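Novice: Generate coordinates for the sequence data below:
(chains A and B)
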There are 2 protein chains.
Amino acid sequence: MSNINLFIVGSVGIDDITTREQTQTNLLGGSVSYGCAAASFFTKVGAVGVVGSDFPPEFLKCYSRFGIDTAGIQTKPGQTFRWAGAYNENMIDRTTLNTELGVFAEFEPELPPAYRSVKYILLGNIQPTLQLHVLDQVESPDFVAMDTMNLWINIARDELLKVISRVDMISLNDEEARLLTGCYQMRDCAEAILNMGPRYVAIKKGEHGSLLFSRGGIFIVPAYPVYTLVDPTGAGDMYAGAFMGRLASRGRTDEAALRDALVYGSVISSFGVEAFSTDRLMTLTQADITARYAELITMITP
Amino acid sequence: MSNINLFIVGSVGIDDITTREQTQTNLLGGSVSYGCAAASFFTKVGAVGVVGSDFPPEFLKCYSRFGIDTAGIQTKPGQTFRWAGAYNENMIDRTTLNTELGVFAEFEPELPPAYRSVKYILLGNIQPTLQLHVLDQVESPDFVAMDTMNLWINIARDELLKVISRVDMISLNDEEARLLTGCYQMRDCAEAILNMGPRYVAIKKGEHGSLLFSRGGIFIVPAYPVYTLVDPTGAGDMYAGAFMGRLASRGRTDEAALRDALVYGSVISSFGVEAFSTDRLMTLTQADITARYAELITMITP
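Specialist: Presented below is the predicted three-dimensional model:
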């Protein structure tokens, strides 16, 4: 099992997506697919998730074309996690039309032995007990980032607080940050979350970018303003995946490294939304990334 | 009739404002009050507007404490423009509870003779024909910025397009930009508006900051993340006023000067929302501004 520098745990799914302009069915989706594809431009990444016996072989080929290690992908009898959603006219808000957990309902992330010494870990949005189970299997990671959602804040708060106390960074949106802390202004929310243990709190604002809070200060990174928005699904996962991939590739976890990595997160996710699924990333080149990174830097330099 | 470098045309009003926490009545408001107060930290600014015979003398004292020239403020028999509004729980969306135009309904901006040679002009959100009337009175301004709103796009489109073709910069929010152009993505909207004549288009995103579009590129400036949000009323006007004040003080209209001025816009409006009306600006010092400017720069530097 090749020497990966980062692994991502979360969902692998098959999506049906309706946008303002069209509907596409049976797309490769899930936070692991999006995150690993994005990370693959920076480092050797491994996927940890579960798929059903119906998982199309071409999706695994897609993983391998990105050079993603799939030793941590379990195949179980049953159906792969399926999600169907439709975007509103604004292409931001969306309605879930259907969710079938399938084998994802019984997901128990088991790490391949080679993964236990990996230094960079992204815990996607799964049950906090499963996130803890992953952390219990690793030796001494340098940087663990986690995602979560309203559901776990509401129904599994104690376990969630345990995970939060053991990670280096947590990312949430503003609503989740308020629900978790009872504070209102993001600075107050971030301060309360830093007191729960992590060194960094990232507040995700979708098309408005994100804010990185630490004891040392705040970094504000905008989203790259796209010409073409075909499908925003997975934008946050690509953002996080690219961020972690870039961090892992540099082997640094200081604040300057995080700021740099966030800009790359913004760059990669801006490409990702130009097509459905991971299609745009499939044709993305290092030259594309370099050019857009340079463009984004000129957009944020006073 | 001091030598002003900038004047601002728009509304002068008396506001009743309900926030999540309290209601305050009979506050000095209006785009001219907010804009001029903000601009006054950078340059000598003149106010052009109309008030009724009921306008409280202490509000005029407030203007003079900011050093605002009031030669362009007409006093007419009748009632000053009044606005009452209530903010939602999120302190962003708001409901207008009452609007009484009073003497503002018959407003005809007449410039004092000394204003005709002023080089920097901010046309607040008033009827396009009145904006044109102002432009017809000035000699050869260096930089004219304008604000507008949905109403004029809908009911006075032709006149509005005439104003747009004669200004250097227009600021709108995303909804207005879409309504004006029929485009959707902000880059497409901005391109369409640049084709109408202005050199710059600013897209206002409230608590998410703003985007400055020109033929040369895009500048993205975030809002400063506040600890204390007491009243967001006038934030956009303070932003624009500080921006124009800073530009006028430097006497430059190149893109680098605009970027710098936008950061100051963000700084001043972040102070302004810390209290009702222009109260926070009343106690603001140059040292406060310098410190927050430096802080904001560290927040946007990768």
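
Novice: Point out the residues in the stretch 101-250 of chain A that sit beside chain B.
Specialist: Taking C-beta under 8 Å from any C-beta of the partner chain as the measure of proximity, the stretch 101-250 of chain A contacts chain B at A:185-188, A:205, A:208-209, A:211, A:217-222, A:225-229. In short, each C-beta sits where N, CA and C put it, glycine included.

Novice: Low-confidence bits of chain A, can you list those?
Specialist: For chain A, applying pLDDT under 70 flags the ranges A:1-2.

Novice: And the helices in it?
Specialist: A:31-39, A:57-65, A:128-137, A:150-155, A:157-166, A:174-181, A:186-194, A:235-250, A:255-272, A:279-282, A:286-300 (DSSP state H).

Novice: Tell me which of the ones you listed is the most buried.
Specialist: Most buried of those, by mean neighbour count (mean count of other C-beta atoms under 10 Å in any protein chain shown): helix A:31-39, with a mean of 32.

Novice: got the CA coordinates for that helix in CSV?
Specialist: Extracted C-alpha coordinates of helix A:31-39, given in CSV (Å, rounded to 0.1, in the frame of the first residue of the first chain):
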residue,chain,number,x,y,z
SER,A,31,-17.2,13.8,0.6
VAL,A,32,-14.4,11.2,0.1
SER,A,33,-14.6,11.3,-3.7
TYR,A,34,-14.7,15.0,-3.9
GLY,A,35,-12.1,15.5,-1.2
CYS,A,36,-9.6,12.9,-2.4
ALA,A,37,-9.9,14.1,-6.0
ALA,A,38,-9.0,17.6,-4.9
ALA,A,39,-6.2,16.5,-2.6
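
Novice: Show residues contacting it.
Specialist: Applying C-beta atoms under 8 Å, 6 or more residues apart in numbering or on different chains, the contact partners of helix A:31-39 are A:6, A:8-13, A:45-49, A:59, A:62-63, A:66, A:68, A:122, A:124-125, A:147, A:233-234, A:237-242, A:244-245, A:248, A:265, A:268-269, A:272, A:277-278, A:281.

Novice: Let me know the angle separating that helix from helix A:255-272.
Specialist: Angle between the axes of helix A:31-39 and helix A:255-272 is 110 degrees (criterion: axes from the mean of the first three to the mean of the last three C-alpha atoms, to 10 degrees).

Novice: Which single residue of the stretch 51-200 of chain A approaches chain B most closely?
Specialist: Chain B sits closest to A:Arg187 of the stretch 51-200 of chain A, with a gap of 5.2 Å, by C-beta to the nearest C-beta.

Novice: Run through the residues that contact that residue.
Specialist: Contacts of A:Arg187 by C-beta under 8 Å, 6+ apart are A:213, A:218, B:225-227.

Novice: Are any of those buried, and if so which?
Specialist: A:213, A:218, B:225-226 (16 or more other C-beta atoms under 10 Å in any protein chain shown).

Novice: sorry, back to before: need the helices of chain A in a markdown table with distance to A:Leu101, can you?
Specialist: Output for the helices of chain A, formatted as a markdown table (distance: least, C-beta to C-beta, whole Å):
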| stretch | distance to A:Leu101 |
| --- | --- |
| helix A:31-39 | 14 |
| helix A:57-65 | 18 |
| helix A:128-137 | 13 |
| helix A:150-155 | 13 |
| helix A:157-166 | 19 |
| helix A:174-181 | 21 |
| helix A:186-194 | 28 |
| helix A:235-250 | 18 |
| helix A:255-272 | 25 |
| helix A:279-282 | 25 |
| helix A:286-300 | 35 |
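
Novice: Among the contacts of A:Arg187, which one lies nearest to B:Pro113?
Specialist: Minimum distance to B:Pro113 across the contacts of A:Arg187 is 41.2 Å, recorded for B:Val226 (C-beta to C-beta).

Novice: Just list the residues touching that closest one, thanks.
Specialist: Contacts for B:Val226 were tallied using C-beta under 8 Å, 6+ apart; they are A:185, A:187, B:270, B:273-274.

Novice: if you set the cut-off to 10 Å instead, what comes out?
Specialist: B:Val226 sits next to A:185-187, B:207, B:232, B:269-274 when contact means C-beta atoms under 10 Å, 6 or more residues apart in numbering or on different chains.

Novice: quick one: the residue nearest to A:Tyr264 when sequence neighbours are not counted from B:Asn154, how far?
Specialist: Once flanking residues are discounted, A:Tyr264 sits nearest to A:Arg246: 4.4 Å by C-beta to C-beta, 6 or more residues apart in numbering or on different chains. Distance, A:Arg246 to B:Asn154, using C-beta to C-beta, to the nearest Å: 46 Å.

Novice: Then A:Lys76?
Specialist: A:Lys76 is 57 Å from B:Asn154, where distance means C-beta to C-beta.

Novice: what's A:Gly124 sitting at in phi/psi?
Specialist: The phi/psi pair for A:Gly124 (degrees, to the nearest 10) reads phi -70, psi 180.

Novice: scratch that, A:Gly197 is what I was asking about
Specialist: The phi/psi pair for A:Gly197 (degrees, to the nearest 10) reads phi 140, psi -40.

Novice: what's the closest non-adjacent residue to it?
Specialist: Leaving aside its chain neighbours, A:Gly197 sits nearest to A:Ser165 (3.8 Å; criterion: C-beta to C-beta, 6+ apart).

Novice: And for A:Thr75?
Specialist: Sequence neighbours aside, A:Val51 is the residue nearest to A:Thr75 in space, at 5.5 Å (criterion: C-beta to C-beta, 6+ apart).

Novice: May I have the residues that are in contact with that neighbour?
Specialist: A:11-14, A:30, A:32, A:59-60, A:70, A:73-76, A:78-81, A:102-104.

Novice: switch to 7 Å and redo it
Specialist: A:12, A:73, A:75, A:80, A:103 (C-beta atoms under 7 Å, 6 or more residues apart in numbering or on different chains).

Novice: related to what we said a few turns ago, can you put the contacts of A:Arg187 in CSV and add distance to B:Asp136?
Specialist: Output for those, formatted as CSV (distance: C-beta to C-beta, whole Å):
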residue, distance to B:Asp136
A:Phe213, 50
A:Ile218, 46
B:Pro225, 42
B:Val226, 40
B:Tyr227, 45
